[in-house]
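Undergrad: coords below, sequence missing:
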């Protein structure tokens with residue numbers, strides 16, 4: 001049966017449908033957090049996936065020193081060492097009467113190359129430098145004489161350099177080539193971009209010079225009143241020299257054929273000796289030295305004075321921030337941590353003491369197993385960040401040793 005609706009009945013039907021639709025609640029859209037977590041819209045959002053995946057903090061043990069690692073046994077002296085950018089270690093020392101070059105990639109297995117001098121010649125005081133793919137060993141060449149009262153019995157013949165490729169560690173070293181003048185004696189040495197930078201003494205140790213030499217020529221500048229020196233070359237290509245004059249530590253920047261000199265520290269009450277220089281970011285200078293009331297040369301020294309000890313100075317523009325890190329005196333070495341900006345030093349006394357600072361004072365610790373070890377050379381491994389100190393045993397036959405903090 002077909003039903004016919006009047007206009008009035010149609011209007012009532014449309015009104016009823018409209019009221020029915022308005023009475024049904026619409027579904028709410030899912031919240032952003034629910035979409036991100038993948039939870040159904042009708043449930044509370046699940047905990048953040050990022051938060052749930054965050055790893056727990058790693059309780060990494062603090063760095064500790066290894067025990068004594070023997071590098072080379074024998075009667076040794078005149079230690080030099082460096083670590084290149086691959087982590088390979090390079091050591092040179094005078095052992096059993098001649099220079100020995102030793103190298104290791106892992107600090108455990110060492111290869112040795114002896115340098116054999118000509119008859120009636122002595123090779124001593126080696127220094128190591130790495131320039132690109134080339135390793136250099138520089139040293140002083142001496143001739144033994146009869147000697148006499150007040151005479152060492154040795155004549156200075158000059159500074160000589162040998163080289164070898166880092167890519168051919170089993171290859172032969174070059175023949176020695178003299179750098180500087182006959183009669184020079186080596187204090188410090190660096191090689192940068194094919195240029196040799198040295199500090200040397202001449203005239204039987206009466207005068208100290210800075211010497212640079214390359215295929216383009218050479219420069220020689222007297223360093224006034226210098227008794228001991230330490231040399232580094234900045235990122236700007238200019239050499240810097242920290243040197244002692246007796247009652248002062250001076251800092252010089254080489255500019256062409258002259259030196260720009262500033263005083264780091266000075267006092268008439270003590271003698272300032274044996275500076276060691278390193279350069280940080282922006283060629284900022286750091287210097288360590290020993291301060292003592294004892295001028296040296298006597299059989300019995302005076303009692304320690306109130307200013308005696310080991311000092312570190314950090315360049316701050318044209319000024320220096322200077323601190324005494326210990327009242328102890330001994331052979332020192334200094335290095336930097338480019339990652340943390342920290343400063344590390346080692347001082348040899350009865351044993352080796354490690355000093356460290358990140359700008360908030362200094363902490364100290366004894367290096368375990370280092371009793372009777374001297375001539376420290378402190379370096380940081382660029383490949384691993386490990387701290388390495390090389391040294392020589394005072395007891396006969398101990399030889400060259402190393403300690404690693406990692």
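TA: Thanks, I have the structure now. Everything quoted here is computed from the prediction, not taken from an experiment.

Undergrad: Going by C-alpha atoms from here, please, whenever you check contacts or count neighbours.
TA: Noted.

Undergrad: mind pulling up the phi and psi values for residue 283?
TA: Phi and psi for residue 283, reported as degrees, to the nearest 10, are phi 60, psi 30.

Undergrad: Now do the contacts for it.
TA: By CA atoms under 8 Å, 6 or more residues apart in numbering, the contact set of residue 283 is 234-236.

Undergrad: 7 Å instead?
TA: 234-235 (CA atoms under 7 Å, 6 or more residues apart in numbering).

Undergrad: Dig out what the residue most central in space within the chain forms beta bridges with.
TA: The chain has residue 335 as the residue nearest its centroid, 3.7 Å off, counting by CA atoms, centre = their mean. Counting by DSSP bridges, residue 335 forms beta bridges with residue 344.

Undergrad: ok, it touching residue 346?
TA: No. Look at residue 335 against residue 346 with CA atoms under 7 Å: they stay out of range, at 9.0 Å.

Undergrad: Overlap in contacts, these two.
TA: With CA under 7 Å, 6+ apart, residue 335 and residue 346 have common neighbours residue 378.

Undergrad: Run through the bridge partners of residue 231.
TA: Bridge pairing for residue 231 - DSSP bridges - gives residue 241.

Undergrad: now it: how far from residue 254?
TA: Distance of residue 231 to residue 254, given as CA to CA, to the nearest Å: 11 Å.

Undergrad: The two - which one has more neighbours?
TA: residue 231 (24 against 17; other CA atoms under 10 Å).

Undergrad: Please name the residues that touch the more buried one.
TA: Here residue 231 is in contact with 188-189, 239-242, 277 (CA under 7 Å, 6+ apart).

Undergrad: Kindly reformat these as JSON lines containing neighbour count, pLDDT and distance to residue 170.
TA: As requested, these are arranged in JSON lines below (neighbours: other CA atoms under 10 Å; pLDDT from 0 to 100; distance: CA to CA, whole Å):
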{"residue": "188", "neighbour count": "22", "pLDDT": "98", "distance to residue 170": "27"}
{"residue": "189", "neighbour count": "26", "pLDDT": "98", "distance to residue 170": "24"}
{"residue": "239", "neighbour count": "21", "pLDDT": "98", "distance to residue 170": "32"}
{"residue": "240", "neighbour count": "26", "pLDDT": "98", "distance to residue 170": "34"}
{"residue": "241", "neighbour count": "26", "pLDDT": "98", "distance to residue 170": "34"}
{"residue": "242", "neighbour count": "29", "pLDDT": "98", "distance to residue 170": "36"}
{"residue": "277", "neighbour count": "24", "pLDDT": "98", "distance to residue 170": "32"}
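
Undergrad: Verify the stated contact: residue 380 with residue 387.
TA: Yes. Using CA under 7 Å, residue 380 makes contact with residue 387 at a distance of 4.5 Å.

Undergrad: Can you tell me which of the contacts of residue 231 is closest to residue 394?
TA: residue 188 (23.3 Å; CA to CA).

Undergrad: which secondary structure element contains that closest one?
TA: strand 185-192 (DSSP states H and E).
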